[in-house]
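In: Let me see the structure of the following:
(2 chains)
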Amino acid sequence: MKNKPYLILIFIFLIIIMMDVSTFAHKVNIFAYLEGDKVYTESYFNDGKKCIDSKIEVFDNRGNMLLESLTDEEGMFSFEIPSENVIDGDLKVVLTASMGHRAEYTISADELGDTVVSIEEKLEEPISVASPETILVDLKEIQLIIEDTLDEKLKPIMIEIKKSQEDRISPTEIIGGIGYIIGIFGIIAYFLSRKDNLKF
Amino acid sequence: MHISEGMLSAPVLFTGAGLTATAVAYSLKKMEHKEVPKVAILSSVFFVASLIHVPVGPSSVHLILNGIIGILLGWTAFPAILVALVLQGVLFQFGGITTLGVNTFNMALPAIICFYLFNRGVRGENNFIALMMAFVCGFLAILLSGVMVAAALVFTGEPFFQVAKLVLFIHLPVMILEGVLTTFCIGFLRKVRPEILNV
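Out: Residues are numbered from 1 along each chain as shown, chains lettered A, B, ... in the order given. Below is the predicted model:
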């Protein structure tokens, strides 16, 4: 009888050893990035499996649904940034996968604004410089070229950053969780034992 | 099996939370002092079982082991599963805090149903019948959980046919796997530690 807990503990540790901890989890992820005037989204389960044919909805900051679609075979979905008069804030992309899995990703207004508005805004300052027209054209072109190249060069980095921001399950958390469980039931055991003592 | 935050309507959430609270209160009252370590250990088993993945079709499912937990714990499966789900929610973002009640109920009620259905068979004299019962127990626990998840989604307004189809097809491999695992566990316990099962 007294060996029983050890037996089951061994079972637990066998399970821990069996699995590749870092890649397993049970939830879906979605992340979105901008490229030019398009938003690209990528959806996958945390074990790396792509969400195929999952529903994607895009909402504006007032909760109106802008568009609805399904992901393709790669778990990807892309759409053009809605024109400015439709959006005036954050865009929210909501992914609904099978069996009650859901994830959302918010593209902040800043990020969106950068691609849509920035060129006009930033140009207002240099206009005060002499011979505005030629400079304006040049600056505009240069700025566009820079934007494009930067988007392209930074894309892999952005994807990496966004992926690394997601929570991965570490063995520390698993061991910690088991510790919590033992602790919680320890407290329960304490109160039960007090109750028993009072009775006798 | 873990329904995410924001998937369910308020009435479903409140019903789930209420039922879970009642069941947990009842089982804590019933729980005996000497049972506590067993509950803690099986709670840990449940906590890590969800990290073992079985890739199936367009979704991704994992072990739940609520069949074996039900057989070994009976009513105390409720606090065991609740505690494990709270920690999975906080540490791994599985499911969610608002859906905690519904998720606990979806996984713990089948465990208890299996306890009442198969308790006698699994602890019986005949080894073969016990193992068969163990398989059916592991299988049925997942099936029932799936049906309850589907019911929760349907009550929230998802189309019935689509959800029901998903439940059956996606969880079929897990049902079989859990059936086999439960069979092995029961077979092992019957041989090595029959006193756990009070055979």
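In: same question for the helix or strand harbouring residue A:32, mean pLDDT?
Out: Using DSSP states H and E, residue A:32 sits in strand A:28-35. Averaged across strand A:28-35, pLDDT comes to 77.
In: what's the next secondary structure element after it?
Out: Per DSSP H and E, the first helix or strand lying C-terminal to strand A:28-35 is strand A:38-45.
In: quick one, strands of chain A?
Out: For chain A, applying DSSP state E gives strands covering A:28-35, A:38-45, A:55-59, A:65-70, A:76-80, A:91-97, A:101-107.
In: CA-only coordinates of the first one, as CSV, when you get a sec.
Out: The C-alpha coordinates for strand A:28-35 follow below in CSV (Å, rounded to 0.1, in the frame of the first residue of the first chain):
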residue,chain,number,x,y,z
VAL,A,28,-4.1,27.6,-31.7
ASN,A,29,-2.0,30.5,-32.7
ILE,A,30,-2.5,33.2,-35.3
PHE,A,31,-0.2,36.0,-36.2
ALA,A,32,-0.4,38.6,-38.8
TYR,A,33,2.2,40.8,-40.5
LEU,A,34,1.9,43.6,-43.1
GLU,A,35,3.6,43.7,-46.4
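In: Now do it: which elements does it pack against?
Out: strand A:38-45, strand A:91-97, strand A:101-107, helix A:109-116, helix A:132-165 (3 or more C-beta pairs under 8 Å, 6 or more residues apart in numbering or on different chains; DSSP states H and E). Backbone N, C-alpha and C define where each C-beta goes, glycine included.
In: about what we covered before: could you dump the strands of chain A to JSON lines with distance to residue B:177?
Out: JSON lines is the format used below for the strands of chain A (distance: least, C-beta to C-beta, whole Å):
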{"stretch": "strand A:28-35", "distance to residue B:177": "22"}
{"stretch": "strand A:38-45", "distance to residue B:177": "18"}
{"stretch": "strand A:55-59", "distance to residue B:177": "28"}
{"stretch": "strand A:65-70", "distance to residue B:177": "29"}
{"stretch": "strand A:76-80", "distance to residue B:177": "31"}
{"stretch": "strand A:91-97", "distance to residue B:177": "21"}
{"stretch": "strand A:101-107", "distance to residue B:177": "20"}
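In: Format the ones you listed as JSON lines; extra columns: mean neighbour count.
Out: Compiled in JSON lines, these are given as follows (neighbours: other C-beta atoms under 10 Å in any protein chain shown):
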{"stretch": "strand A:28-35", "mean neighbour count": "21"}
{"stretch": "strand A:38-45", "mean neighbour count": "21"}
{"stretch": "strand A:55-59", "mean neighbour count": "19"}
{"stretch": "strand A:65-70", "mean neighbour count": "12"}
{"stretch": "strand A:76-80", "mean neighbour count": "16"}
{"stretch": "strand A:91-97", "mean neighbour count": "22"}
{"stretch": "strand A:101-107", "mean neighbour count": "19"}
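In: okay, the spatially most central residue of chain B: pLDDT?
Out: For chain B, residue B:66 is the residue whose C-alpha lies nearest the centre (C-alpha atoms, centre = their mean; 2.9 Å). We have a pLDDT of 90 for residue B:66.
In: residues touching it, list them.
Out: Counting by C-beta atoms under 8 Å, 6 or more residues apart in numbering or on different chains, residue B:66 touches B:46, B:77, B:81, B:107, B:108, B:110, B:111, B:114, B:141, B:142, B:145.
In: which one among those residues gets closest to chain A?
Out: Among the contacts of residue B:66, residue B:46 lies closest to chain A (C-beta to the nearest C-beta), at 9.1 Å.
In: pretty sure that closest one is touching residue B:69, no?
Out: Yes - between residue B:46 and residue B:69 there is a contact at 5.9 Å, judged by C-beta atoms under 8 Å.
In: Give the residues shared as contacts by the two.
Out: Taking C-beta under 8 Å, 6+ apart as the criterion, residue B:46 and residue B:69 both touch B:80, B:81.
In: for chain A, where's the lowest mean pLDDT among helices and strands?
Out: helix A:118-122 (a mean of 48; mean pLDDT, DSSP states H and E).
In: For residue B:148, grab the count of nearby residues.
Out: Residues near residue B:148, counting by other C-beta atoms under 10 Å in any protein chain shown, number 20.
In: Could you list the buried residues of stretch B:32-52?
Out: For stretch B:32-52, burial by neighbour count (16 or more other C-beta atoms under 10 Å in any protein chain shown) applies to B:35-52.
In: Quick one: the helices in chain B, in order.
Out: Assigned by DSSP state H, chain B shows helices spanning B:10-30, B:36-49, B:66-73, B:77-87, B:100-122, B:127-156, B:160-192, B:194-197.
In: which of those helices sits most buried?
Out: helix B:66-73 (a mean of 29; mean count of other C-beta atoms under 10 Å in any protein chain shown).
In: now could you export just the CA positions of it as CSV?
Out: Provided in CSV are the C-alpha atoms of helix B:66-73 (Å, rounded to 0.1, in the frame of the first residue of the first chain):
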residue,chain,number,x,y,z
ASN,B,66,-10.4,10.9,-17.8
GLY,B,67,-11.5,7.2,-18.1
ILE,B,68,-8.7,5.9,-15.9
ILE,B,69,-9.0,8.9,-13.6
GLY,B,70,-12.7,8.2,-13.2
ILE,B,71,-12.2,4.5,-12.4
LEU,B,72,-9.5,5.2,-9.8
LEU,B,73,-11.0,8.3,-8.2
